[in-house]
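Q: Please find the sequence and the predicted model below.
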Amino acid sequence: MAKNLLRGAAIELIKSAEMMQARSDKTRITGGKIAFVPTMGFLHEGHLSLMRKGRNLCDELIVSIFVNPTQFAPGEDLDSYPRSLERDLELCEKNGVNAVYEPPDGQLYPDGFQTYLTLDDLPHHLCGLQRPIHFRGVATVVAKLFNIVKPHWAIFGEKDFQQVQVIKRMAKDLNYDIEILTGPTVREADGLAMSSRNAYLNDRQRKDAVCVHKSLLNAQEQVNSGERDAQKILEQAVEFIKSFDGTDIDYIKICNPETLEDVEAIEGPVLMALAVKFDKTRLIDNMTIGV
């Protein structure tokens, strides 16, 4: 069946784009408001916080679970990306989700698919430097999900800061009548940003991974002490992270929060963002720092 109930749960699992659109059309026709949280599954507290934010706004809360193949380059972790649908559905039910849209790959990208969305500038910074096709895939799948779910609000986590900027720009440029909302990065007790990929870390890597967040806190302490030279702050961050065995820095940047262009002098709020690999596990984090 295109849709079914999971063990009698109140939420509905929908696999058909047409059925998802029909449900959203019915909600809209009757004056209902829809909030939407797109995810790739293997849910954690960061996702759940976005659901709770949406629940407070809407009549219908929709979550999508889809590991999007077009944002993974060859050799990345598409096949090994952690998945746990039954657990995800239980968490969705506990957090007030009305329906979960979980399409098969072939539905969103059928044979002959050839239409992709690209942005001219925002993807060419930060993560886009190491993952050149990533944001084309992100923009394309989010646009498709917007057309299928038809939400009034879509909610994303600030841990993926560049992704949020790309989606906001895409929604504005294409005149989507959707308000893009964000939720703050949710962290473990030691400061590590919650991520589905944290499951890849072994015990030593998990202990060392806190250096990612600590480097951001160290940078703010330097600014508080009067340092304004972005390069000096970056050099100290590199030295600090390299002091942990097995780390491999993809990038550390201090940039304009809107354009993502590098800044040289810290004269107001700026974004510090970084990506660090622990063996094959790539973790990202960011924080607004400044005077």
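A: Alright, I've got the coordinates.

Q: As a check, name the ranges of all helices in the chain.
A: 17-29, 45-55, 85-94, 105-108, 127-130, 134-149, 161-173, 203-208, 210-224, 230-242 (DSSP state H).

Q: closest to Thr281 out of these?
A: helix 203-208 (6.8 Å; CB to CB). Backbone N, C-alpha and C define where each C-beta goes, glycine included.

Q: From the chain's centroid, how far away is the closest one?
A: 23 Å (CA atoms, centre = their mean, to the nearest Å).

Q: Which neighbouring elements make contact with that helix?
A: When contacts are defined as 3 or more CB pairs under 8 Å, 6 or more residues apart in numbering; DSSP states H and E, helix 203-208 packs onto no helix or strand at all.

Q: Tell me the buried residues in it?
A: By neighbour count on 16 or more other CB atoms under 10 Å, the buried set for helix 203-208 is 205-206, 208.

Q: and what of stretch 38-45?
A: 38-44.

Q: can you check stretch 194-205 too?
A: 194-198, 200-201, 205.

Q: Equivalent analysis for stretch 128-143, please.
A: For stretch 128-143, using 16+ other CB under 10 Å, the buried residues are 128, 131, 133-143.

Q: okay if I get those as JSON lines plus pLDDT?
A: JSON lines is the format used below for these (pLDDT from 0 to 100):
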{"residue": "Gly128", "pLDDT": "97"}
{"residue": "Arg131", "pLDDT": "96"}
{"residue": "Ile133", "pLDDT": "97"}
{"residue": "His134", "pLDDT": "98"}
{"residue": "Phe135", "pLDDT": "98"}
{"residue": "Arg136", "pLDDT": "98"}
{"residue": "Gly137", "pLDDT": "98"}
{"residue": "Val138", "pLDDT": "98"}
{"residue": "Ala139", "pLDDT": "98"}
{"residue": "Thr140", "pLDDT": "98"}
{"residue": "Val141", "pLDDT": "98"}
{"residue": "Val142", "pLDDT": "98"}
{"residue": "Ala143", "pLDDT": "98"}
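
Q: So which of these is the closest to Val97?
A: Checking these one by one against Val97 (CB to CB), the nearest turns out to be Val142, at 18.5 Å.

Q: dump the residue contacts of that closest one.
A: Each residue near Val142 by CB atoms under 8 Å, 6 or more residues apart in numbering is listed here: 38, 154, 167, 170.

Q: Quick check: closest non-adjacent residue to Pro123.
A: Phe135 (3.7 Å; CB to CB, 6 or more residues apart in numbering).

Q: and Cys265, what does it touch?
A: To be clear, residue 265 is Ala; Cys isn't right here. Taking CB under 8 Å, 6+ apart as the test, what Ala265 contacts is 228-230.

Q: redo that, cut-off 10 Å
A: Counting by CB atoms under 10 Å, 6 or more residues apart in numbering, Ala265 touches 228-231, 254.

Q: same check, this time on Thr281
A: Per CB under 10 Å, 6+ apart, neighbours of Thr281: 77, 195, 197-202, 205-206, 209.

Q: Pull the most distant pair out of the residues you listed.
A: So, the contacts of Thr281 by CB to CB: farthest apart are Asp77 and Arg206, at 17.2 Å.

Q: and Cys255, bridged to which residues?
A: Each beta-bridge partner of Cys255 is listed here, defined by DSSP bridges: Asp262, Leu271.

Q: hmm, I was thinking of Phe156
A: Thr182.

Q: How much space separates it from Lys144?
A: Noted for Phe156: a distance of 16 Å to Lys144, by CB to CB, to the nearest Å.

Q: repeat for Tyr176
A: 12 Å.

Q: cool, Gln231 as well?
A: In terms of CB to CB, Gln231 sits 41 Å off from Lys144.

Q: again, but for Gly96
A: 25 Å.

Q: The two - which one has more neighbours?
A: Lys144 (19 against 15; other CB atoms under 10 Å).
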